[in-house]
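Undergrad: this is the structure alone, sequence omitted:
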């Protein structure tokens, strides 16, 4: 099988099986109980190598481990199908890897490790890794190294591979540095968003207002004319949804659907995140959503459980799911203000404390938990004013975040396209790569 379609082949590229350009290298470690060792891991999506915490030989026990050699190609055979491949750097000298991280040296004059690393992160290389990682999913998809070595790829001469790898290393390093700067900007915007919400829901809009102790340690001081009430005193009703078997696609016009957990996302309602109800099931109109409904996730990861949002439009055929609560509040409380508080650092404190579950990957909160949560509450008119001003600020922050994320996506797309064009011969590197 070829690693690149005919239309992308450069006449200077030639087909060759991987077993004729690289070979596995194993240097077993004789583990000594009193000695300290550092193992490596390999991140998915070509994101490089990381070092694990040092451990002693006693803890390694009978585990099979091997010395690593800088300059060799390394795979994570459990996640090779996710492009978990890298080249070992000088900083990996003297470190060790288990049998799950086999290393390959390039045969002289036939292949370059940096080129092959880039190759396996392209669509073509990824296809070969996935093809030779049989199994259902996750840890069951282990790379069949022998089968992979029999695959055919198209390669230029070794010196051209090095020129291409050097070119891509320079270009991708510059793009990765730009992406890192953009990511830091996103982090700053997230901090700004959190600070805006925290200030609004515990201090209000008047910087000169008289303050008092709320009596709740994680809330602190609040304006003197505010009160602290439990959610139960603000409820008209609290509903839990329904989770019938549904198709794994979003509803089209006229179809009934059930919300997915991802419909509630950091204070934002995303109605497009839904699954179509199978025709065998009778819809439940009582679970459809109305403007002003406050949604709170019942189960999720510890970081996301208790996430909240407000429904702002009528959704005639979109139903509440079993993993999401719907709160309908009395006239005393603005859903927008309560939502802001629940997504604040102060509001998250009791949610985190109440979350329960046998697995750290999925925890739940009960209706009883929600009813007992304390909320600092201004008069209704002030709630609406605070929520409106805060949401205006959040809209501006989210617009900036969206623009930054779009820029990052475009850089990543260009990065991947550049690698693919270079390693398949579509892009002639020539003097620019030298």
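TA: Nice, thanks for sending it over. Since this is a predicted model, take the numbers as computed values, not measurements.
Undergrad: got a list of contacts for the least confident helix or strand in the chain by mean pLDDT?
TA: Between all helices and strands in the chain, the lowest mean by mean pLDDT, DSSP states H and E belongs to strand 356-359, at a mean of 77. By CB atoms under 8 Å, 6 or more residues apart in numbering, the residues outside strand 356-359 that reach it are 299, 363, 364, 365, 366. Quick note: C-beta positions are derived from backbone N, CA and C, even for glycine.
Undergrad: who wins for neighbours among the residues you listed?
TA: The residue in the contacts of strand 356-359 with the most neighbours, by other CB atoms under 10 Å, is residue 365 (23 neighbours).
Undergrad: contacting residues around that residue?
TA: 296, 298, 299, 305, 306, 351, 354, 355, 356.
Undergrad: burial count for residue 126?
TA: Count around residue 126 with other CB under 10 Å applied: 19.
Undergrad: can I take it that it is in a helix?
TA: Yes: Residue 126: assigned to a helix according to DSSP: H, G, I helix; E, B strand; the rest coil.
Undergrad: what about residue 340, which SS state?
TA: Quick answer, by three-state DSSP: residue 340 is helix.
Undergrad: so what's it up against?
TA: Counting by CB under 8 Å, 6+ apart, residue 340 makes contact with 197, 200, 201, 267, 386, 387, 390, 391.
Undergrad: hmm, back to that, just among the contacts of residue 365, which is most surrounded?
TA: residue 306 (28 neighbours).
Undergrad: distance from stretch 339-357 to the middle of the chain?
TA: 21 Å (CA atoms, centre = their mean, to the nearest Å).
Undergrad: can you give me the end-to-end distance of it?
TA: 24 Å (CA to CA, to the nearest Å).
Undergrad: going forward, begin numbering at 20 instead of 1
TA: In the new count, where the first residue is 20, that last one comes out as stretch 358-376.
Undergrad: excluding its backbone neighbours, what's nearest the spatially most distant residue from the centre of the chain?
TA: Here the centre of the chain is the reference, and by CA atoms, centre = their mean the most remote residue is residue 229, at 42.4 Å. Nearest non-adjacent residue to residue 229, counting by CB to CB, 6 or more residues apart in numbering: residue 243, 4.3 Å away.
Undergrad: now that neighbour: phi and psi?
TA: With angles defined as degrees, to the nearest 10, residue 243 sits at phi -60, psi -30.
Undergrad: can I assume it is in contact with residue 231?
TA: Yes: using CB atoms under 8 Å, residue 243 is in contact with residue 231, at 4.5 Å.
Undergrad: is it true that residue 264 touches residue 298?
TA: No: between residue 264 and residue 298 there is no contact under CB under 8 Å: 11.1 Å.
Undergrad: one step back: between the contacts of residue 359, which is closest to residue 136?
TA: Nearest to residue 136 among the contacts of residue 359: residue 286, at 40.2 Å, using CB to CB.
Undergrad: without its sequence neighbours, what residue ends up closest to that closest one?
TA: In space, residue 286 is closest to residue 362, 4.6 Å off (CB to CB, 6+ apart).
Undergrad: domains in this structure, as residue ranges please.
TA: 25-174, 246-396 (automatic domain parsing).
Undergrad: among these, which is nearest residue 237?
TA: Residue 237 lies closest to domain 246-396 among these, at 4.0 Å (CB to CB).
Undergrad: low-confidence ranges in the stretch 120-269 of the chain?
TA: 156-158 (pLDDT under 70).
Undergrad: for it, what spans make up the strands?
TA: 122-125, 171-174, 230-232, 240-242, 246-249, 254-259, 265-266 (DSSP state E, counting those that start in this stretch).
Undergrad: what's the longest one packed up against?
TA: Here strand 254-259 touches strand 343-348, helix 386-391, going by 3 or more CB pairs under 8 Å, 6 or more residues apart in numbering; DSSP states H and E.
Undergrad: also the fourth one?
TA: Using 3+ CB pairs under 8 Å, 6+ apart, the elements in contact with strand 240-242 are helix 177-222, strand 230-232.
Undergrad: ok, the first one next?
TA: In terms of contact count using 3+ CB pairs under 8 Å, 6+ apart, strand 122-125 is assigned the packing partners strand 41-44, strand 92-94, helix 132-140.
Undergrad: need these in CSV (columns: mean neighbour count and distance to residue 304).
TA: Shown next, in CSV, are those (neighbours: other CB atoms under 10 Å; distance: least, CB to CB, whole Å):
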stretch, mean neighbour count, distance to residue 304
strand 41-44, 16, 62
strand 92-94, 24, 53
helix 132-140, 24, 49
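Undergrad: let's have these in JSON lines, adding distance to residue 86.
TA: Conversion of those to JSON lines gives the following (distance: least, CB to CB, whole Å):
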{"stretch": "strand 41-44", "distance to residue 86": "9"}
{"stretch": "strand 92-94", "distance to residue 86": "12"}
{"stretch": "helix 132-140", "distance to residue 86": "17"}
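Undergrad: how near is residue 47 to residue 342?
TA: 49 Å (CB to CB, to the nearest Å).
Undergrad: more neighbours, the two?
TA: Neighbours were counted for residue 47 and for residue 342 using other CB under 10 Å; residue 342 has more, 21 against 10.
Undergrad: so the residue nearest to residue 286 versus residue 390, what's the distance?
TA: Residue 362 is 18 Å from residue 390, by CB to CB.
Undergrad: who has more neighbours, the two?
TA: Taking residue 362 and residue 390 together and counting by other CB under 10 Å, residue 362 has the greater number of neighbours (23 against 15).
Undergrad: might one say that that one is in contact with residue 217?
TA: No: with contacts counted by CB under 8 Å, residue 362 stays clear of residue 217, the gap being 9.9 Å.
Undergrad: that older thread, show me what contacts the residue nearest to residue 286?
TA: Here residue 362 is in contact with 216, 285, 286, 326, 327 (CB under 8 Å, 6+ apart).
Undergrad: alright, calling it a day.
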